[in-house]
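[1] Need a 3D model of the following:
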Amino acid sequence: VRVLRSELDIVKEASVEYFTDAGETIEYTVTATNTGDSTLTNVDITDDLIDGLPSWACTVGGQDVDLPVAQLASGESIVCTATYLITADDVNGSEPEGFVPNTACTDSDQTPEVCDDFTVHEIVIELEKTVTPDVMAEPGGFFTYTLVIDNESVVPVTITELVDDNSSLSTDWDANCAILVGSVLGPDAPGTADEVSCTYTVERTTAGVYPNVARTTAVDGNGTPASARDAATVTVLRSELDIIKEASVEYFTDAGETIEYTVTATNTGDSTLTNVDITDDLIDGLPSWVCTIDDQLAQMPVSQLPSGESIVCTASYVTTETDVDRGHVFNQACVDSDQVGPVCDDVDIDRIAVDLIKDVDVPAIPWPGGTFTFTLTVHNQSNVDVTITSLTDDNSDLSSDYADSCDTLIGQTLAATDGIVGGPDTRSCSYTVEHYGSGIYPNEADVVVRDAGGRTAADTDTEVVQVPPYAPPQIDIDLDKSAPQTAVDPG
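    So this is what the prediction gives:
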């Protein structure tokens with residue numbers, strides 16, 4: 001009597017041993033073989049991972065079959081195949097993470113279930129890039145970058161590439177980081193050297209945002225590659241100060257006038273500035289010098305001035321004879337900080353002034369009167385050219401030659417003063433007026449000048465002439481009576 005042996009064998013295979021990322025495919029093959037001596041019935045294959053996929057297909061002897069197979073003769077095999085797509089969960093989702101386990105089983109009416117499995121592992125490395133600090137204010141400085149490469153695979157890997165956008169800008173990249181290429185990282189397990197790191201520096205001195213990326217590649221013993229990248233961004237904040245110097249007047253005319261100055265320094269950059277100081281040689285030592293931030297008193301230097309904030313300083317200045325002699329008041333204010341060199345603004349206030357001199361040849365003419373000759377002299381006392389825009393005189397309607405002589409001065413330009421009456425900074429005219437009949441005759445002349453910027457100055461001068469009252473001529477008569485001394489005889 002012979003008892004036939006009933007036996008099934010199953011082999012599970014995959015097209016790859018490792019994967020690196022979601023979206024990759026694995027081609028699975030499951031082969032169930034009747035290794036016994038008798039025909040088996042109702043032979044079935046199950047595989048929870050792939051037997052429900054659209055690509056799942058089974059054949060016997062090259063012919064498509066459906067499971068279960070009704071009869072499988074001794075020595076025959078059922079071959080089933082399917083394509084599996086790696087998912088995000090396989091890479092870094094829920095358990096299992098970093099590998100794809102897969103078990104296939106087969107059984108029949110005559111044999112118990114037998115199984116085989118195949119696990120495809122993930123070949124993965126991680127790259128972490130950090131930088132300290134990540135923000136600096138101008139003028140900037142050195143940023144220190146750190147790269148950490150970690151093997152997250154179950155097998156050793158060798159670093160084949162390590163590149164960084166900053167490598168050409170760093171003086172210590174080659175010595176510190178480039179040498180990591182060729183390093184072997186152990187499998188991701190406690191007690192193994194599965195990580196390497198390096199640091200390098202880059203100097204940035206110009207305001208801006210500087211993103212940069214590092215990339216690395218490693219391979220396992222079969223040459224299966226895995227890559228990783230990480231980025232770090234550093235920022236050099238713009239450090240900038242602006243200053244505006246303003247005055248309450250555009251010009252002055254004489255000593256003793258008051259000019260109200262305002263100096264405004266603003267942090268127009270992106271970062272907080274330290275030790276911000278305003279200097280102004282003309283006014284910062286005056287008793288009236290006051291500085292504020294948001295209407296709160298501030299002392300120079302200001303320890304911190306955030307972006308967008310301003311320091312406002314004011315003072316009152318009284319013009320002097322020196323300013324008059326100089327012809328203008330120049331005033332410059334400057335501001336600086338630990339981060340920003342001095343920036344300055346100035347106001348130059350010109351002296352706009354004119355002197356009108358009215359003269360007459362004789363102050364009085366005896367009765368019954370006669371012709372007086374008046375002279376008008378207009379002297380520019382400004383340190384810029386001016387034009388005569390108006391010249392009037394109380395006598396103009398009484399004079400037959402005023403219009404031809406003096407009205408012609410209107411529109412003429414006087415050069416900037418040289419301090420001496422006469423020359424290009426002076427114009428003059430003469431006219432005559434007849435006054436008959438006793439009396440006192442006051443009269444006034446007025447002049448207005450204007451510079452190219454529209455600033456004006458004016459002056460007035462007067463003269464008084466007179467014709468004294470009529471005085472009849474005095475006639476003096478002397479009577480002298482005398483007689484000769486002669487003797488007379490009384491008899």
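
[2] Just confirm Arg229 contacts Asn212, I think it does.
    No - assessed by CB atoms under 8 Å, Arg229 is found out of contact with Asn212, at 11.0 Å. Bear in mind the C-beta positions are built from the backbone N, C-alpha and C, glycine included.

[3] Of those two, which one has the most company?
    Using other CB atoms under 10 Å as the criterion, Arg229 and Asn212 rank with Asn212 on top: 18 against 12.

[4] Show the contacting residues for that one.
    Shown in contact with Asn212 (CB atoms under 8 Å, 6 or more residues apart in numbering): Asp164, Asp165, Asn166, Ala231, Ala232, Thr233, Val234.

[5] and with 6 Å instead?
    Asp165, Asn166 (CB atoms under 6 Å, 6 or more residues apart in numbering).

[6] State the distance from it to Ser168.
    As judged by CB to CB, to the nearest Å, Asn212 and Ser168 stand 11 Å apart.

[7] lowest confidence element among the helices and strands of the protein?
    One helix or strand of the chain scores below all others by mean pLDDT, DSSP states H and E: helix 88-92, with a mean of 77.

[8] what mean pLDDT would you report for the following helix or strand past that helix?
    Remark: after helix 88-92, the chain's next helix or strand is strand 99-107, criterion DSSP states H and E. Across strand 99-107, the average pLDDT comes to 90.

[9] Please apply the same query to stretch 385-395.
    Averaged across stretch 385-395, pLDDT comes to 96.

[10] How about stretch 277-291?
    On average, stretch 277-291 scores 94.

[11] same deal with stretch 469-487?
    73.

[12] May I see the buried residues of that stretch?
    Residues of stretch 469-487 classed as buried: none (neighbour count, 16 or more other CB atoms under 10 Å).

[13] What of stretch 21-34?
    The neighbour-count check on stretch 21-34 (16+ other CB under 10 Å) flags Glu24, Ile26, Tyr28, Val30, Thr31, Ala32, Thr33, Asn34 as buried.

[14] cool, and stretch 277-288?
    Asp277, Ile278, Thr279, Asp280, Leu282, Ile283, Asp284.

[15] is it possible to export these to a markdown table including secondary structure?
    Shown next, in a markdown table, are the buried residues of stretch 277-288 (DSSP: H, G, I helix; E, B strand; the rest coil):
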| residue | secondary structure |
| --- | --- |
| Asp277 | strand |
| Ile278 | strand |
| Thr279 | strand |
| Asp280 | strand |
| Leu282 | coil |
| Ile283 | coil |
| Asp284 | coil |
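
[16] now, among those residues, which is nearest to Ser482?
    Leu282 (92.5 Å; CB to CB).

[17] Next one: the closest residue to that closest one other than its chain neighbours, what pLDDT does it get?
    Nearest non-adjacent residue to Leu282, counting by CB to CB, 6 or more residues apart in numbering: Asn331, 4.5 Å away. Asn331 carries a pLDDT value of 93.

[18] can you give me the strands for the stretch 251-400 of the chain?
    All strands of the stretch 251-400 of the chain, identified by DSSP state E, counting those that start in this stretch, fall at 251-252, 258-267, 273-280, 290-293, 296-297, 302-305, 310-318, 328-336, 343-351, 354-360, 369-380, 386-393.

[19] Which one, of those, ends up nearest to Pro54?
    Proximity to Pro54, assessed across the strands of the stretch 251-400 of the chain by CB to CB, is greatest for strand 258-267 (65.6 Å).

[20] my read: Asp336 touches Pro342, true?
    Yes - using CB atoms under 6 Å, Asp336 is in contact with Pro342, at 4.3 Å.

[21] which of these two has more neighbours?
    Per other CB under 10 Å, whichever of Asp336 and Pro342 has more neighbours is Asp336, with 20 against 12.

[22] circling back: name the residues of the least confident helix or strand of the chain that are buried.
    Buried residues in helix 88-92, counted by 16+ other CB under 10 Å: Asp90, Val91.

[23] Now do that helix: everything it contacts.
    Against helix 88-92 from outside (CB under 6 Å, 6+ apart): Ala22, Val100.

[24] Relative to the whole chain's centre, how far out is it?
    Put simply, helix 88-92 sits 45 Å off its chain's centre (CA atoms, centre = their mean, to the nearest Å).

[25] And stretch 165-185, by the same measure?
    Put simply, stretch 165-185 sits 34 Å off its chain's centre (CA atoms, centre = their mean).

[26] same check, this time on stretch 437-456
    On CA atoms, centre = their mean, the centre of stretch 437-456 falls 54 Å from that of its chain.

[27] cool, and stretch 364-379?
    Mean-position distance between stretch 364-379 and its chain equals 69 Å (CA atoms, centre = their mean).

[28] Pull that stretch out as PDB, backbone CA atoms only.
    Extracted as PDB, the C-alpha positions of stretch 364-379 are listed here (Å, rounded to 0.1, in the frame of the first residue of the first chain):
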ATOM      1  CA  ALA A 364      16.900 174.900   3.100                       C
ATOM      2  CA  ILE A 365      16.500 177.600   0.400                       C
ATOM      3  CA  PRO A 366      15.700 181.200   1.400                       C
ATOM      4  CA  TRP A 367      12.300 182.600   0.600                       C
ATOM      5  CA  PRO A 368      10.700 182.600  -1.800                       C
ATOM      6  CA  GLY A 369      12.300 179.000  -2.300                       C
ATOM      7  CA  GLY A 370      13.700 177.200  -5.300                       C
ATOM      8  CA  THR A 371      14.900 173.800  -6.600                       C
ATOM      9  CA  PHE A 372      16.000 171.000  -4.300                       C
ATOM     10  CA  THR A 373      18.000 168.000  -5.700                       C
ATOM     11  CA  PHE A 374      17.300 164.700  -4.000                       C
ATOM     12  CA  THR A 375      19.500 161.500  -4.400                       C
ATOM     13  CA  LEU A 376      18.300 158.000  -3.700                       C
ATOM     14  CA  THR A 377      20.900 155.300  -3.100                       C
ATOM     15  CA  VAL A 378      19.900 151.600  -2.900                       C
ATOM     16  CA  HIS A 379      22.600 149.400  -1.400                       C
END
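
[29] Great, nothing more from me.
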